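Participant: Output the structure for:
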Amino acid sequence: TAYEKLNNDKSLNVLFIGDSITTGCNASGQDGVFYTHTESDVGPTTNLQGWQQYLGLGSKPYWVNDSWDKQVVANLQKAYPDATINSVNRAVGSSASQWYYNHIDKLLVSGELGDVGLENTDLVFIGFGMNEKGNTAQQQNANTKQIIDYLREKNPNVSIVLVSAFYPTFWENGTWTNSNLGAQEDGYFELAKQYENIAVAPVNTAFANILAAKEPVDYISNG
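Facilitator: Prediction:
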């Protein structure tokens, strides 16, 4: 397991797959660009340096965060300072679970994104759901199961974390996103019971609690 690798071998190879949220979209610090507005708002430069100048800041604000995959790796490294942790992100913006499965050989093995080396991958984070308004939770979970089976065929020992999706803005009535995100998360827990060495990161539940006190503008950077 990934836990054993970290404790015994002092090494870990991590793979992230999913949609645009996993690529880093909606993270305020993605690529040093955050809360991008029009040129008339902030002048010709909308990168981090431009915003620092516009806001009169001498350094990167404390509230700018890396994408969640980078935060995961950073916290793993903090918890295991002597370990060598390598990570690869093969998430694809606008993708959904069925599309990703249909293209998984190209994305993870032989295609333009290069050879991830699944046989040497110790831990995989899977994060889909936001782009699946046409799918029921049962369909999305079935697609996720296909991905799990593919990964386990390549590497029976790989550890897997299923990451549920947070809620987008409700100011648009949620018309572009799956309204069954909570049911998807419930399905992830059922999937985890069917396999060894699979965990669930219940992001949806966490965000449901946040919504009790927050508006979308408080937690979303790109809608």
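Participant: what pairs with the nearest residue to Val163 once chain neighbours are set aside across the strands?
Facilitator: Excluding its sequence neighbours, the residue lying closest to Val163 (Cβ to Cβ, 6 or more residues apart in numbering) is Gly127, at 3.9 Å. The C-beta positions use only the backbone N, C-alpha and C, and glycine is treated the same way. Here Gly127 sits in beta bridges with Gly18, as judged by DSSP bridges.
Participant: quick one, what contacts Gly127?
Facilitator: With contacts taken as Cβ atoms under 8 Å, 6 or more residues apart in numbering, Gly127 has the following neighbours: 16-19, 21-22, 91, 163, 165.
Participant: what's the closest of those residues to Tyr80?
Facilitator: Of all the contacts of Gly127, Tyr80 sits closest to Phe16, with 18.0 Å by Cβ to Cβ.
Participant: Next up, the contacts around Ala2.
Facilitator: So Ala2 contacts 12, 14, 122-123, 159 (Cβ under 8 Å, 6+ apart).
Participant: Tell me, what's the model's pLDDT at it?
Facilitator: With respect to pLDDT, Ala2 has a value of 95.
Participant: and it, backbone torsions?
Facilitator: Main-chain torsions, Ala2, degrees, to the nearest 10: phi -60, psi -40.
Participant: again, but for Val161
Facilitator: phi -120, psi 120.
Participant: can you check Ser159 too?
Facilitator: Dihedral pair for Ser159: phi -80, psi 150, per degrees, to the nearest 10.
Participant: do the same with Asn65
Facilitator: According to degrees, to the nearest 10, Asn65 has phi -120, psi 140.
Participant: contacting residues for Phe186?
Facilitator: Actually, residue 186 is Asp. It isn't Phe. With Cβ under 8 Å, 6+ apart, Asp186 has these contacts: Ala137.
Participant: name the element it belongs to?
Facilitator: Assigned by DSSP states H and E, Asp186 falls within helix 181-194.
Participant: Can you list the buried residues in that helix?
Facilitator: For helix 181-194, a neighbour-count test (16 or more other Cβ atoms under 10 Å) marks 181-188, 191-192 as buried.
Participant: Redo those residues as a markdown table? Include pLDDT.
Facilitator: Listed next are these as a markdown table, based on pLDDT from 0 to 100:
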| residue | pLDDT |
| --- | --- |
| Leu181 | 92 |
| Gly182 | 93 |
| Ala183 | 95 |
| Gln184 | 96 |
| Glu185 | 97 |
| Asp186 | 97 |
| Gly187 | 98 |
| Tyr188 | 98 |
| Leu191 | 97 |
| Ala192 | 98 |
